[in-house]
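Visitor: Quick one, what's the 3D model for this:
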Amino acid sequence: MIETETPPERAYLVGVEIPRARLDGDDSLDELASLVEAAGGIVAGRSLQARRTRDPNSYVGKGKAGEIGREVSRLRADIVICDDELKPSQQRTLEEITGVAVVDRSAVILDIFARHARSREGRIQVELAQLEYRLPRLTGRGKEMSRLGGGIGTRGPGESKLESDRQIIRKRIQDLRKQLDEVARQRERARGSRTSEGLFLAAIVGYTNAGKSTLMNALAGSDVLVADQPFATLDPTTRRAALPGGATILLSDTVGFVNKLPPTLVAAFRATLEELADADLLVHVADVTHPNLHEHMRVVDETLASLKLEHRPRLVVFNQTDRLRGEEGDALREALGAEFPAAVFVSALNGDGLESLRIRLAEAAAAGWKRVKKTLPYHAGALVQQIRTRGSLKSVDYEEAGIRIEADVPPALAAEIDTAIRRR
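Guide: Model (predicted):
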């Protein structure tokens, strides 16, 4: 057979480290390298430059850009990828100096999202974000337009629609927004039916690749896709999980957050992220062994704040404790335990700490419950199963006057019980 598969693009990574940056420059480039690999590229080389500010014309300055161009040529790289979002003028200048296509971190993240979009909603959201990102970058672009057939930063549902006619693209953006509005209404209806079930909803949030899907599978016994790469989970998934005491809650697994998440992506995925607004509890999962743990937690905090969710009840879960080793691991666990006294330490992989987490989730779900001692009419017998699912049934006796129950239940279910008794 003739091998027709296109070889992976060889990428040269470029970063600028400015004073008081959140992430160390090398760490940020390491993260960019993992994003490039998730997008199907390979890293041929990298350059990190310390500057007071990013150059407004070429991101790195003309002299450094020339140096990068020579390295790109020597390493036979196909593409330069910058660690910050570039202005269209910076992108064009760098392309002219280096002689190869230039994209930025945002383009790589959008590319990964395009690979993982499975649902209709996911595809619409990604295409909308891509088009809004590319629209200002399409005027007279030689290198970019020549690469629209494939490669990092060009992939996705919108690929065949990227005509150079800006009016067509604007019209497409308008159409996508309308489609997204309709999908958002459908999602709202679905959320309404889920709310009517009255189950406690815990939404799992965290930095990308922190082990959220593995934890979801361990708690809910489900089969959410687990992959050791950024943004493997794109479409939100909701599953039921049984807790100690017999109550059932809903667990929702959402898209991971990342440093320098493109604003167009946050805007396009707002409908998905708004699911978090329905959550009774945010379960913030963090990779306990990651060297940039605190920075990652800060990114999650800031993203939640941008969604106006900073005051939502939260439970911090430090995952991947199976990778803590020896005295150093014990010291880290002790330090984090002192800093986050309410946190739970778990290994979703081998099950350590999961029972403690289930107990904490059960406590959170039951925090607002009421103790009821009532006699239900027999025509409302279906409520007994509702109590078993949504609350904690302490005792049940089938008497002549009706079904005598003692239970701890959420306020909404207590109201349903009262209504059923009034109707007898």
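
Visitor: can you pull the contacts of residue 295?
Guide: Shown here is residue 295, whose contacts under the criterion CB atoms under 8 Å, 6 or more residues apart in numbering are 22, 23, 259. Just so you know, the C-beta spots here come from the backbone N, C-alpha and C atoms, and that holds for glycine as well.

Visitor: Residue 67 now?
Guide: residue 47.

Visitor: So it, which state does it fall into?
Guide: helix (DSSP: H, G, I helix; E, B strand; the rest coil).

Visitor: Could you measure from it over to residue 78?
Guide: As judged by CB to CB, to the nearest Å, residue 67 and residue 78 stand 18 Å apart.

Visitor: Give me the below-cutoff pLDDT ranges for the stretch 151-300 of the chain.
Guide: 151-165, 190-197, 222-236, 268-272, 274 (pLDDT under 70).

Visitor: filter the contacts of residue 295 to the buried ones?
Guide: By neighbour count, with 16 or more other CB atoms under 10 Å, those hold 23, 259 as buried.

Visitor: The contacts of residue 295 into TSV, with extra columns for secondary structure and distance to residue 317?
Guide: Formatted as TSV, the contacts of residue 295 follow (DSSP: H, G, I helix; E, B strand; the rest coil; distance: CB to CB, whole Å):
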residue	secondary structure	distance to residue 317
22	coil	23
23	coil	23
259	coil	20
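
Visitor: Kindly reformat the contacts of residue 295 as JSON lines and extend each row with distance to residue 355.
Guide: Putting the contacts of residue 295 into JSON lines (distance: CB to CB, whole Å) gives the following:
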{"residue": "22", "distance to residue 355": "35"}
{"residue": "23", "distance to residue 355": "35"}
{"residue": "259", "distance to residue 355": "33"}
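
Visitor: got a list of what the spatially closest residue to residue 346 that is not a sequence neighbour touches?
Guide: Distances taken as CB to CB, 6 or more residues apart in numbering put residue 353 closest to residue 346, at 3.5 Å, once the chain neighbours are dropped. Going by CB under 8 Å, 6+ apart, residue 353 touches 321, 344, 345, 346, 347.

Visitor: returning to what we had before: for residue 171, state which of the contacts of residue 295 is nearest.
Guide: Among the contacts of residue 295, residue 259 lies closest to residue 171 (CB to CB), at 33.7 Å.

Visitor: from the middle of its chain, how far away would the biggest helix by length in the chain be?
Guide: Longest helix in the chain by number of residues (criterion: DSSP state H): helix 166-197. When distances are taken as CA atoms, centre = their mean, to the nearest Å, helix 166-197 is centred 19 Å away from the chain's centroid.

Visitor: strand partners of the helix or strand following it, parallel vs antiparallel please.
Guide: Counting by DSSP states H and E, the next helix or strand C-terminal to helix 166-197 is strand 201-206. Pairing partners of strand 201-206, with direction, according to DSSP bridges: strand 248-253 (parallel), strand 281-287 (parallel).

Visitor: before we move on, back to that, so which elements touch the longest helix of the chain?
Guide: helix 120-134, helix 270-273 (3 or more CB pairs under 8 Å, 6 or more residues apart in numbering; DSSP states H and E).

Visitor: repeat that for 10 Å
Guide: Helices and strands touching helix 166-197, by 3 or more CB pairs under 10 Å, 6 or more residues apart in numbering; DSSP states H and E, are helix 120-134, strand 201-206, strand 237-242, strand 248-253, helix 263-268, helix 270-273, helix 382-390.

Visitor: could I get those as CSV with mean neighbour count?
Guide: Below are these laid out as CSV (neighbours: other CB atoms under 10 Å):
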stretch, mean neighbour count
helix 120-134, 23
strand 201-206, 24
strand 237-242, 17
strand 248-253, 22
helix 263-268, 18
helix 270-273, 19
helix 382-390, 17
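
Visitor: Please convert these to JSON lines, extending it with distance to residue 41.
Guide: Formatted as JSON lines, the helices and strands packed on helix 166-197 follow (distance: least, CB to CB, whole Å):
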{"stretch": "helix 120-134", "distance to residue 41": "17"}
{"stretch": "strand 201-206", "distance to residue 41": "25"}
{"stretch": "strand 237-242", "distance to residue 41": "28"}
{"stretch": "strand 248-253", "distance to residue 41": "27"}
{"stretch": "helix 263-268", "distance to residue 41": "19"}
{"stretch": "helix 270-273", "distance to residue 41": "26"}
{"stretch": "helix 382-390", "distance to residue 41": "48"}
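
Visitor: Setting aside sequence neighbours, what's the nearest residue to residue 94?
Guide: residue 102 (4.4 Å).

Visitor: quick check: angle from the longest helix of the chain to helix 382-390?
Guide: Using axes from the mean of the first three to the mean of the last three CA atoms, to 10 degrees, the inter-axis angle of helix 166-197 relative to helix 382-390 is 120 degrees.

Visitor: Pop the domain breakdown of this protein in here.
Guide: 10-108, 117-179, 198-366, 370-422 (automatic domain parsing).

Visitor: how about these, which one is nearest residue 185?
Guide: The nearest among those, by CB to CB, is domain 198-366 at 9.6 Å.

Visitor: Tell me the gap between the closest one and the middle of its chain.
Guide: 10 Å.

Visitor: what's the answer for stretch 32-40, then?
Guide: Worked out by CA atoms, centre = their mean, stretch 32-40 lies 17 Å from the chain centre.

Visitor: can you tell me the average pLDDT over that stretch?
Guide: Taken as a whole, stretch 32-40 has an average pLDDT of 91.

Visitor: Tabulate the CA atom coordinates of it in CSV.
Guide: Taking Å, rounded to 0.1, in the frame of the first residue of the first chain, the C-alpha atoms of stretch 32-40 are listed here in CSV:
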residue,chain,number,x,y,z
LEU,A,32,2.5,24.6,25.1
ALA,A,33,4.5,21.5,23.9
SER,A,34,1.9,19.2,25.4
LEU,A,35,-0.8,21.1,23.6
VAL,A,36,1.1,20.9,20.3
GLU,A,37,1.4,17.1,20.8
ALA,A,38,-2.3,16.8,21.5
ALA,A,39,-2.9,18.7,18.2
GLY,A,40,-0.8,16.1,16.4
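
Visitor: still on that earlier bit, greatest separation within the contacts of residue 353: which pair is it?
Guide: Every pair of the contacts of residue 353 checked by CB to CB; the farthest is 344 and 347, at 11.2 Å.

Visitor: Mind listing the shared neighbours of those two?
Guide: 318, 319, 321, 353, 354 (CB atoms under 10 Å, 6 or more residues apart in numbering).

Visitor: Which of those fall in strands?
Guide: Taking DSSP state E as the definition of strands, the shared contacts of residue 344 and residue 347 contribute 318, 319.

Visitor: Which of the shared contacts of residue 344 and residue 347 sits closest to residue 217?
Guide: Nearest member of these to residue 217, counting by CB to CB, is residue 354, at 11.1 Å.
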